[in-house]
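Q: what follows is a predicted protein model with its sequence.
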Amino acid sequence: MEKELRDQAAKLLEEGTVDFIVGFAAGTLKHTTTPLITGDKDATSSLVINPFISNNLATYALEISGRLGIVAKGCDSRSIVSLIQDKQITRQDIVILGIPCSGLIDLKKVEKLSGKERDEIDDIAVVEDKVVITIGSEKREVTAATVLFDHCLGCELQIPQEYDFLIQGPANEIRDNEASREKIQELKQMFPDQRWAYWKQQFSRCIRCYACRQVCPACFCERCFVEESQPRWVSPVSLWQDNLIFQAVRAIHVAGRCTDCGECERVCPVDIPLRSLSKEMYDLVGEMFDYKTGMNAGAPPLMTAYELTEVESLIR
Amino acid sequence: MKPKKDDQPRIVGFLCKWCSYAGADLAGTSRKKYPSNLTVLKVPCSGRIDPLFVLKGLRLGFDGILVSGCHPGDCHYQTGNYRARRRIALTKKFLEYMGVPEQRVQASWVSASEGTKFAQVVEDVVESVRAIGPSNLFNDEGK
């Protein structure tokens, strides 16, 4: 799989089809990867495909000018399609190197499960529907679902639909929407004021680093409302009230663009369960408007389209 | 802008300039009575209303938000209210999920000729918001 990708990437650069390749390289820490952006065909030999390629590289399509070859998992390809729908990028400028995905491993879950820190874990490998964790001489086999990211369990597109080249490889069935919505269901069982208190408590930890916004391919406004000063919508100081407004409004603003790639929650330095917001929004969009983000490049974006009669029951 | 201390509950209404605002005007010129709890803000179109406005209103201490525009098919800009409808429906459902009682965010269609309906809508909204009590959502103490 990796070799095919490296060859293809090198070929694209050599032929001049693309100016840059955006992919993943091994990270400096164990069991991590880092985005690799290169115009050098020799550097493509450091491209990797493994269960730790968590970044959604569609973000870079907005930031780099020139023709790009982007390595895309299912969710990334949906984000790219969504950006095309929103006319933020043009299809001709992007070469999508689709890769099949069997889910990404959540290191935090592995650490919790094994009781060891990242550096003490020697190897984590996906073997069909199992994950083998090697610590020293001890090998432990667990079902993949227990250590995959929650958002991967809700995955609806393991093999990209929109691509120029599809790298061949396995895509094991991992979908378990129930498990992926577990935290949301717990919240829904609470009373409204308990839910509000929960979010109040979560957002009082927010340090407003904006990592969630920066990593999100759906957040492409050049000027975000939180930074506007005339009028000043929210305080730049990290108050829970304003943090909550920031996230609530962000979730609504990216409705119909969010592909539930789970990046916002992964990058949060204070572990706010942001996906419990974005996934609920994702499902609401599906339920209310029968809309799936990034599945059809020709369709109008959710918020510019309408049906003559819909959701009238919510309006007096 | 801050809500006035008296008149509980305090409601802010975003009214579209072409229909609902004119409807409110008609209610006034026809001497219809409706509660004075509503603070009216005129917007060029219901499509102008960002979900941010709703949250900002709640943050400022209003107990309820009313969004009102032209009936479907009547938008001065053809499609503004259709877009507003999707947005406000999602906002309502999503805030409900976060723990905001559904009565706090309400929407209505009021045309320029519906002065009576406007008065009725305001009365109903005020009544339903009064029933759930003042909003403590963004207070530091309390729930």
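A: Noted; the coordinates are in hand.

Q: give the contact list for the residue of chain B found nearest chain A.
A: The nearest approach of chain B to chain A comes at B:G99, 3.1 Å away (Cβ to the nearest Cβ). In short, each C-beta sits where N, CA and C put it, glycine included. Residues in contact with B:G99, defined by Cβ atoms under 8 Å, 6 or more residues apart in numbering or on different chains, are A:P192, A:D193, A:Q194, A:R195, A:W196, A:A197, A:Y198, A:W199.

Q: quick one: which of those is most hemmed in?
A: Neighbour counts for these (other Cβ atoms under 10 Å in any protein chain shown) peak at A:W199, which has 23 neighbours.

Q: give me the element it is part of.
A: Secondary structure assigned from DSSP states H and E places A:W199 in helix A:192-203.

Q: ok, then the element right after that helix?
A: Per DSSP H and E, helix A:192-203 leads on to helix A:211-215 as the next helix or strand towards the C-terminus.

Q: what residues of that following helix count as buried?
A: Across helix A:211-215, burial judged by 16 or more other Cβ atoms under 10 Å in any protein chain shown covers A:A211, A:C212, A:R213, A:V215.

Q: and chain A, what are its domain boundaries?
A: As assigned by automatic domain parsing, chain A contains the domains A:2-104+A:148-314, A:105-147.

Q: now the last one: average pLDDT?
A: If I follow you right, that is domain A:105-147. Mean pLDDT, domain A:105-147: 89.

Q: do you know how far the closest residue to A:E120 other than its chain neighbours is from chain B?
A: In space, and not counting its chain neighbours, A:E120 is closest to A:I135: 6.4 Å by Cβ to Cβ, 6 or more residues apart in numbering or on different chains. The gap separating A:I135 from chain B is 40 Å, by Cβ to the nearest Cβ, to the nearest Å.

Q: contact partners for residue 111?
A: Picked chain A for this. Counting by Cβ under 8 Å, 6+ apart, A:E111 has contacts A:E117, A:R118, A:I121.

Q: actually chain B
A: B:C19, B:S20, B:G23, B:C70, B:H71, B:D74, B:K117.

Q: list the contacts of A:F203.
A: Contacts of A:F203 were listed using Cβ under 8 Å, 6+ apart, and they are A:W240, A:N243, A:L244, A:Q247, A:I272.

Q: closest to A:S102 among those?
A: Comparing the contacts of A:F203 against A:S102 with Cβ to Cβ places A:I272 closest, at 27.5 Å.

Q: skip the chain neighbours and tell me the closest residue to that closest one.
A: Nearest non-adjacent residue to A:I272, counting by Cβ to Cβ, 6+ apart: A:Q202, 5.0 Å away.

Q: got it, and A:S82?
A: The spatial neighbour of A:S82 that comes closest, neighbours along the chain excluded (Cβ to Cβ, 6+ apart), is A:G294 at 4.1 Å.

Q: how many residues are close by the one you found?
A: By the measure other Cβ under 10 Å, the count of residues near A:G294 is 30.

Q: my guess is it contacts A:G74, does it?
A: No. If you go by Cβ atoms under 8 Å, A:G294 and A:G74 don't touch, sitting 9.4 Å apart.

Q: tell me the SS of A:V126?
A: Look at A:V126: counting by DSSP: H, G, I helix; E, B strand; the rest coil, its state is strand.

Q: what about it, distance to A:S102?
A: According to Cβ to Cβ, to the nearest Å, A:V126 and A:S102 sit 6 Å apart.

Q: with A:S180 instead?
A: Here the criterion is Cβ to Cβ. By it, A:S180 lies 15 Å from A:S102.

Q: report the contact partners of the residue nearest the centre of chain B.
A: Nearest residue to the geometric centre of chain B (Cα atoms, centre = their mean): B:L66, 0.9 Å. By Cβ under 8 Å, 6+ apart, the residues touching B:L66 are B:I11, B:V12, B:G13, B:F14, B:L38, B:Q106, B:A107, B:S108, B:V121, B:V122, B:V125.

Q: and the strands in the chain, which stretches?
A: Looking at chain A here, since you left the chain open. Here chain A has its strands, by DSSP state E, at A:20-26, A:33-38, A:68-72, A:94-98, A:123-127, A:130-135, A:138-143, A:165-166.

Q: that was the other one, I meant chain B.
A: With DSSP E as the criterion, chain B has strands at B:11-16, B:38-43, B:64-69, B:105-109.

Q: compile those into TSV and extend it with columns for distance to A:C264 and mean pLDDT.
A: Formatted as TSV, those follow (distance: least, Cβ to Cβ, whole Å; pLDDT from 0 to 100):
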stretch	distance to A:C264	mean pLDDT
strand B:11-16	29	96
strand B:38-43	30	96
strand B:64-69	26	96
strand B:105-109	24	96
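
Q: spatially nearest residue to B:V43 (excluding sequence neighbours)?
A: Residue nearest to B:V43 in three dimensions, not counting chain neighbours: B:F14, with 5.2 Å by Cβ to Cβ, 6+ apart.

Q: bridged to the one you found, which residues?
A: Counting by DSSP bridges, B:F14 is bridged to B:L41, B:V67.

Q: pull the contacting residues for it.
A: Shown in contact with B:F14 (Cβ under 8 Å, 6+ apart): B:L41, B:V43, B:S46, B:I49, B:F53, B:I65, B:L66, B:V67, B:S68.

Q: tell me where the model's unsure across the chain.
A: Since no chain was named, I'll use chain A. Across chain A, nothing is flagged by pLDDT under 70.

Q: should've been chain B
A: For chain B, the stretches with pLDDT under 70 are B:1-7, B:141-143.

Q: tell me where it has helices.
A: In chain B, the helices defined using DSSP state H lie at B:20-29, B:51-59, B:80-98, B:115-132.

Q: now the ones you listed in CSV, with mean neighbour count and distance to A:F52?
A: Formatted as CSV, those follow (neighbours: other Cβ atoms under 10 Å in any protein chain shown; distance: least, Cβ to Cβ, whole Å):
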stretch, mean neighbour count, distance to A:F52
helix B:20-29, 21, 53
helix B:51-59, 23, 35
helix B:80-98, 23, 31
helix B:115-132, 20, 47
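
Q: between the ones you listed, which gets nearest to A:C258?
A: Closest to A:C258 of the helices of chain B, according to Cβ to Cβ: helix B:80-98, at 11.7 Å.

Q: and the angle for the closest one with strand B:64-69?
A: Using axes from the mean of the first three to the mean of the last three Cα atoms, to 10 degrees, the direction of helix B:80-98 lies 160 degrees away from that of strand B:64-69.

Q: let me know the angle separating helix B:80-98 from helix A:192-203.
A: Between helix B:80-98 and helix A:192-203, the angle comes out at 90 degrees (the same axes, to 10 degrees).

Q: more crowded one of A:S180 and A:S102?
A: Using other Cβ under 10 Å, the more surrounded residue of A:S180 and A:S102 is A:S180, with 24 against 20.
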